[in-house]
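**Student:** quick one, what's the 3D model for this:
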Amino acid sequence: MIFRLEDDADQQIYAKRCVDAFSLYQSLSELLKHLKEIYEDQNLIRKCRCKYVVLKQLNKSFSSFYSEFTRIFSFLNYDDITLMNDIQNKINNCLQNVLSVCLIEFSSLDKLKIFLQDVNNKQQVNYQLRDEQ
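**Tutor:** Alright, predicted model coming up:
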């Protein structure tokens, strides 16, 4: 197989070609596995747990916050119930207040996300209207 690589990755593969040209990679997955062993961050899960613990929405839009939230938890093995409980402590005070008076039982993280996104969008419109007056 022939691959198009650049920089460090190319040097890693070139070294293997020079040492043993007959045991080159038989598939793309074999090549990717080799590169993953070299470049993968061994502390990724620990770093994601630390980022997850301190993650807060603060003054970011819910979309920005949720994007970061999903990026981080995608590396972690948390179930939806845990994530649903955690997100309620990570969102800003306005959204927390809405949830505290909301009588809706959310059956999934996705439904909770849709609800919070909708509330956040409406809040943003209200803030814009208030600023225009």
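
**Student:** let me know the secondary structure of Gln117.
**Tutor:** Of the three states, Gln117 takes helix under DSSP: H, G, I helix; E, B strand; the rest coil.

**Student:** so what pLDDT did it get?
**Tutor:** Gln117 is assigned 96 on the pLDDT scale.

**Student:** over to Arg71?
**Tutor:** The model's pLDDT for Arg71 equals 93.

**Student:** next SSE downstream of the helix or strand hosting it?
**Tutor:** Using DSSP states H and E, Arg71 sits within helix 62-73. Downstream of helix 62-73, the first helix or strand assigned by DSSP H and E is helix 80-90.

**Student:** what angle separates that following helix from helix 62-73?
**Tutor:** 130 degrees (axes from the mean of the first three to the mean of the last three CA atoms, to 10 degrees).

**Student:** residues in contact with helix 80-90?
**Tutor:** Residues from elsewhere that reach helix 80-90, judged by CB atoms under 8 Å, 6 or more residues apart in numbering: 52, 55-57, 65, 69, 73, 78, 96, 99, 106, 108-109, 112-113, 116. In short, each C-beta sits where N, CA and C put it, glycine included.

**Student:** same thing but at 7 Å, please
**Tutor:** Here helix 80-90 makes contact (CB atoms under 7 Å, 6 or more residues apart in numbering) with 55-57, 69, 73, 96, 99, 106, 108-109, 112.

**Student:** where are the low-confidence patches of this structure?
**Tutor:** 1-26, 31, 34, 38-40, 42 (pLDDT under 70).

**Student:** ranges for the helices of it?
**Tutor:** With DSSP state H as the criterion, the chain has helices at 7-19, 28-39, 44-54, 62-73, 80-90, 93-101, 109-132.

**Student:** most tightly surrounded among those helices?
**Tutor:** Highest mean neighbour count of those: helix 62-73, a mean of 17 (counted as mean count of other CB atoms under 10 Å).

**Student:** what is it packed up against?
**Tutor:** helix 44-54, helix 80-90, helix 109-132 (3 or more CB pairs under 7 Å, 6 or more residues apart in numbering; DSSP states H and E).

**Student:** would you list these in a markdown table and tack on distance to Lys33?
**Tutor:** Shown next, in a markdown table, are those (distance: least, CB to CB, whole Å):
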| stretch | distance to Lys33 |
| --- | --- |
| helix 44-54 | 16 |
| helix 80-90 | 30 |
| helix 109-132 | 31 |
